[in-house]
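[1] Give me a 3D structure for the following:
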Amino acid sequence: MHEDNLISGYRVRQYDGPVKRYCRTLELRDNPELIAEYRRRHSEDGIRRQVIEGIREVGILEMEIYLVGTHLFMIVETPVDFDWDSAMARLATLPGQQEWEDYMAEFQVAEQGASADEKWRMMERIFYLYK
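    Okay, the predicted model is just below:
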């Protein structure tokens with residue numbers, strides 16, 4: 001069995017029904033040491049469990065972050081009835097979330113004190129395979 005990776009591709013979780021997808025982007029500071037630490041902090045061993053628990057608590061099914069250079073791309077999958085604004089408002093109030101965002105702001109081109117929703121910009125889908 002092979003591991004998912006850049007060359008062979010990444011497996012996608014399957015669900016019993018349809019889901020929605022949100023795509024967001026953010027810039028990291030152009031500093032190789034900061035980028036390496038950002039990667040480490042988002043590894044399975046480096047991520048704070050409280051952060052993952054909060055993401056799940058607001059109804060997010062899956063979240064992936066991809067990196068190229070200093071550019072981050074996030075994919076978020078949710079139930080079809082998910083309301084982004086209310087979920088992000090709730091996430092910002094959960095224990096440890098703002099502390100995490102403040103810490104992550106050291107690596108990101110973002111204002112200190114900004115919530116995740118304020119930092120990550122929503123992307124517009126301009127193409128898909130249609131039919």
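[2] Excluding covalently adjacent residues, which one is nearest to Arg121?
    Excluding its sequence neighbours, the residue lying closest to Arg121 (C-beta to C-beta, 6 or more residues apart in numbering) is Thr25, at 5.4 Å. C-betas here are computed from N, CA, C, even on glycine.
[3] My read is that that neighbour contacts His71, right?
    Yes: if you go by C-beta atoms under 8 Å, Thr25 and His71 touch, sitting 6.8 Å apart.
[4] Flag the shaky bits of this protein, pLDDT-wise.
    Low-confidence segments of the chain, defined by pLDDT under 70: 1-3.
[5] and the spatially closest residue to Thr78 that is not a sequence neighbour, how many neighbours does it have?
    Nearest non-adjacent residue to Thr78, counting by C-beta to C-beta, 6+ apart: Lys20, 5.1 Å away. Using other C-beta atoms under 10 Å, Lys20 is surrounded by 13 other residues.
[6] now Lys20: how far from Gln98?
    Distance, Lys20 to Gln98, using C-beta to C-beta, to the nearest Å: 25 Å.
[7] any idea how far stretch 7-27 is from the chain center?
    Between the centre of stretch 7-27 and the centre of its chain there are 11 Å (C-alpha atoms, centre = their mean, to the nearest Å).
[8] Could you list every helix and strand in contact with the helix or strand harbouring the residue nearest to Thr78?
    Using DSSP states H and E, Lys20 sits within strand 19-27. Secondary-structure packing of strand 19-27 (3 or more C-beta pairs under 8 Å, 6 or more residues apart in numbering; DSSP states H and E): strand 71-79, strand 121-122.
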